[in-house]
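[1] Mind folding the following:
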Amino acid sequence: MSDHVVTVLGATGKTGRHVLTQAAARGWRVRAAGRRPAESGDFTPFDWDDESTWQPAFTGADAAYVVIPFNHAGAPEKAPDVLRAAAAAGVPRIALLSTIDVDHAPADDPTKVAEQTLLSLGVAAALIRPTWFLDNFTVGSFRGMLETGELRLPAGEAPFPFVDTRDIAAVAVAAMAPDGPTGPLPVTGPESVSHHVVAEALQDALGRPFRYIPVEPAEFIALLESRGFTYSYGDFLAGALGKVADGTFVIPVADTVEVHCGRRAYTPAEFAKHFAQS
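    Down below sits the predicted model:
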């Protein structure tokens, strides 16, 4: 094991769990920072509601991965202070999970504010900017649709370069290496595909019917509400999907994974096969 130490926030989440395993595979000493132990890594207490846990979680680390839990009340507003705590603890490299469209967000958007804060801290800052997760169809907001066999979204027929969270983690781990990349790092899949392609990939891998059906926003919002999500969350997703459907929001394919990880990003078919096997 090397003496390179990394602190990982969100270690039980979609991207953080992959950051843990990929960082450990490099032989690094990995701290899983959170309120409960993760599947691997050295458990390090960290609580967004307890400022006394912030700096100790980062002290002695050579790099850190920071995820803002937007479903945790108050966390987005505290993110700049958490980043400052990491820098004050002496962490020289910080990779922040951002979003692909952050440049188009309003000035007070929490993710944009967090990015700007990180860039002002004098550390090696990597802004990990992924597109939409393929994992949303399997373990995220749309998992219930996978179980019913119908992916009902107001996304039209527009293509999109969906990304596997394993690729997001790979770029983050590359950025936490001593000589890793910094600055904005857009992370996408290898090509833009329609939701039909994603549905077909999952259908083939799982061996059961699954199809994509374009629907109107109102139906989509009502569907999410019936599964326990709030109206505001459904309305937010419908708005984002609508921008994809009408061509307002077009995401170009990025070669970040290939450039910094030495391999092509995973396709929807490869993602689906991995999910089916695991």
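
[2] Helices of this structure, start to end?
    If DSSP state H is used as the criterion, the helices of the chain fall at 16-25, 54-58, 75-88, 110-119, 143-148, 165-176, 195-206, 217-226, 231-245, 256-261, 268-277.

[3] number of nearby residues for the spatially closest residue to residue 243 that is not a sequence neighbour?
    Distance criterion C-beta to C-beta, 6 or more residues apart in numbering; nearest residue to residue 243, sequence neighbours excluded, is residue 249 at 3.8 Å. Every residue, glycine included, has its C-beta placed from N, CA and C. Applying other C-beta atoms under 10 Å, we find 16 residues neighbouring residue 249.

[4] got the contact list for residue 249?
    Each residue near residue 249 by C-beta atoms under 8 Å, 6 or more residues apart in numbering is listed here: 101, 240, 243.

[5] ok, back up a step: mean neighbour count, the helices of the chain: which tops it?
    Taking mean count of other C-beta atoms under 10 Å as the contact definition, the stretch among the helices of the chain with the greatest mean neighbour count is helix 165-176, which reaches a mean of 26.

[6] name the helices or strands packed onto that one?
    If contacts are counted by 3 or more C-beta pairs under 8 Å, 6 or more residues apart in numbering; DSSP states H and E, helix 165-176 sits against helix 16-25, strand 63-66, strand 93-97, strand 124-130, strand 183-187, helix 256-261.

[7] and residue 221, which of these is closest to it?
    Put simply, out of the helices and strands packed on helix 165-176 the one that sits nearest residue 221 is strand 124-130, at 24.4 Å, with distance taken as C-beta to C-beta.

[8] Centre of the chain to the closest one, how far?
    The gap between the average C-alpha position of strand 124-130 and the chain average comes to 11 Å, counting by C-alpha atoms, centre = their mean, to the nearest Å.

[9] And the average pLDDT for that strand is what?
    This predicted structure assigns strand 124-130 an average pLDDT of 98.

[10] which other residues reach it?
    Residues from elsewhere that reach strand 124-130, judged by C-beta under 8 Å, 6+ apart: 92-100, 102, 115, 118-119, 163, 167-168, 171-172, 175-176, 180-188.

[11] Using PDB, write out every CA atom in that strand.
    Written as PDB, here are the backbone C-alpha positions of strand 124-130 (Å, rounded to 0.1, in the frame of the first residue of the first chain):
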ATOM      1  CA  ALA A 124      -5.300  21.700  -7.300                       C
ATOM      2  CA  ALA A 125      -9.000  21.800  -8.100                       C
ATOM      3  CA  ALA A 126     -10.800  19.300 -10.400                       C
ATOM      4  CA  LEU A 127     -14.400  20.000 -11.400                       C
ATOM      5  CA  ILE A 128     -15.900  16.700 -12.200                       C
ATOM      6  CA  ARG A 129     -18.800  17.500 -14.600                       C
ATOM      7  CA  PRO A 130     -20.800  14.400 -15.500                       C
END
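
[12] Listing partners with orientation, what would you give for that strand?
    Strand 124-130 pairs in its sheet with strand 93-97 (parallel), strand 183-187 (parallel), by DSSP bridges.
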